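In: Sequence and predicted structure are below.
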Amino acid sequence: MAAIPEPIKKQISQLQKGEITEYYVYKNIAKRTRNLDNRRILEKIASEEKAHYLIWTQLLGQETTPRRFHIFFLNLLSLLFGYTFAIKLMEKGEDKAKASYEEIGKHVPEAIQIAHEEDIHEQQLIGLLNEERLNYIGSMVLGLNDALVELSGTLAGLTFAFADPKLISLSGLITGIAASLSMAASEYLSAHAENKPDALKSALYTGGAYIVTVALLILPYLLIPNHFVALGVMLLVVVFIIFIFNYYLSVAKDLPFRKRFFQMVVISLGVAAISFGIGILIKLGLGIEV
């Protein structure tokens, strides 16, 4: 084999480090996966990543260490958001490496076979998406979206009506808890009426998403003494939650990000602005000072 140019060696070195890193990520996720079929696929992919690493190691004549923070971060993401999200996020990185494979393949024929196997990984992963939380995305969207729209509007209206952060947070908390129980009950009754065996789980996911959102939106009013500053921070939290959730959906479910993100932001902030205006009108109209 002809000598490999130095720039190509550097690209191979990066791929070598990536392969051994992904080997450990797949291996760690496989250990925690209860579904035996999914575990076998993950272990198979992990072994192929290790095989790719060994090919690069033989070509370069030296070993390398994995990106330990990368492993830690992806394992943390898999615990927080599920293994589907973590794996798909990692696979997006492999998409960017395809150009490198094509360039390296001009000097190292093995690169073409590795690139082909990487494509097979993606096809296998499509059939791997059998994670419970992904089956309840609709319930989570229902709870989260209703909480964002209803509670952000409620808190915005209460901000001008009461002007007391503690009173606002107390009122918002009572409203939020009552609404979360109502949403969960409605989801259960709806799913039960359709004879769905997982009606209770659907209700728990809806209520859980709602109550977590309530807690995050009320937190600024508990921590910040100025009610208008708390309102501003709460609205930033709304945008942040919408960003995180839509990014999760875009990666885990291959859904478009931008359109859904801006749609939810406009609706949530629009309702908040209208509610704030209603709070002003009610306070001025009734002449109430709290």
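Out: Great, that's in hand. What you are looking at is a predicted structure, and each value in this text was computed from that prediction instead of being measured.
In: list the helices and strands the host helix or strand of L59 packs on?
Out: Assigned by DSSP states H and E, L59 belongs to helix 36-60. For helix 36-60, the packing partners by 3 or more CB pairs under 8 Å, 6 or more residues apart in numbering; DSSP states H and E come out as helix 6-32, helix 110-126. In short, each C-beta sits where N, CA and C put it, glycine included.
In: Show the average pLDDT along it.
Out: Averaging pLDDT along helix 36-60 gives 86.
In: What residues of that helix count as buried?
Out: 38, 41-43, 45-46, 48-50, 52-53, 55-57, 59 (16 or more other CB atoms under 10 Å).
In: do the same with stretch 154-167
Out: Neighbour-count burial for stretch 154-167, counted by 16+ other CB under 10 Å, picks out T154, L155, A156, G157, L158, T159, F160, A161, F162, A163, D164, P165.
In: Output it as PDB, restricted to C-alpha atoms.
Out: The C-alpha coordinates for stretch 154-167 follow below in PDB (Å, rounded to 0.1, in the frame of the first residue of the first chain):
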ATOM      1  CA  THR A 154     -52.200  32.900  34.100                       C
ATOM      2  CA  LEU A 155     -48.900  34.100  35.700                       C
ATOM      3  CA  ALA A 156     -48.600  37.000  33.300                       C
ATOM      4  CA  GLY A 157     -52.100  38.200  34.200                       C
ATOM      5  CA  LEU A 158     -51.500  37.700  38.000                       C
ATOM      6  CA  THR A 159     -48.200  39.600  37.700                       C
ATOM      7  CA  PHE A 160     -50.000  42.900  37.100                       C
ATOM      8  CA  ALA A 161     -53.100  42.000  39.100                       C
ATOM      9  CA  PHE A 162     -51.300  41.100  42.300                       C
ATOM     10  CA  ALA A 163     -47.700  42.600  42.000                       C
ATOM     11  CA  ASP A 164     -46.600  40.300  44.900                       C
ATOM     12  CA  PRO A 165     -44.300  37.400  43.800                       C
ATOM     13  CA  LYS A 166     -45.200  35.200  46.700                       C
ATOM     14  CA  LEU A 167     -49.000  35.700  46.100                       C
END
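In: Report the buried residues of stretch 168-185.
Out: Result for stretch 168-185 [16+ other CB under 10 Å]: buried residues I168, S169, L170, S171, G172, L173, T175, G176, A179, S180, M183, A184.
In: so who does the first one touch?
Out: Contact analysis of I168 by CB atoms under 8 Å, 6 or more residues apart in numbering lists L155, L158, T159, F162, Y221, H227, A230.
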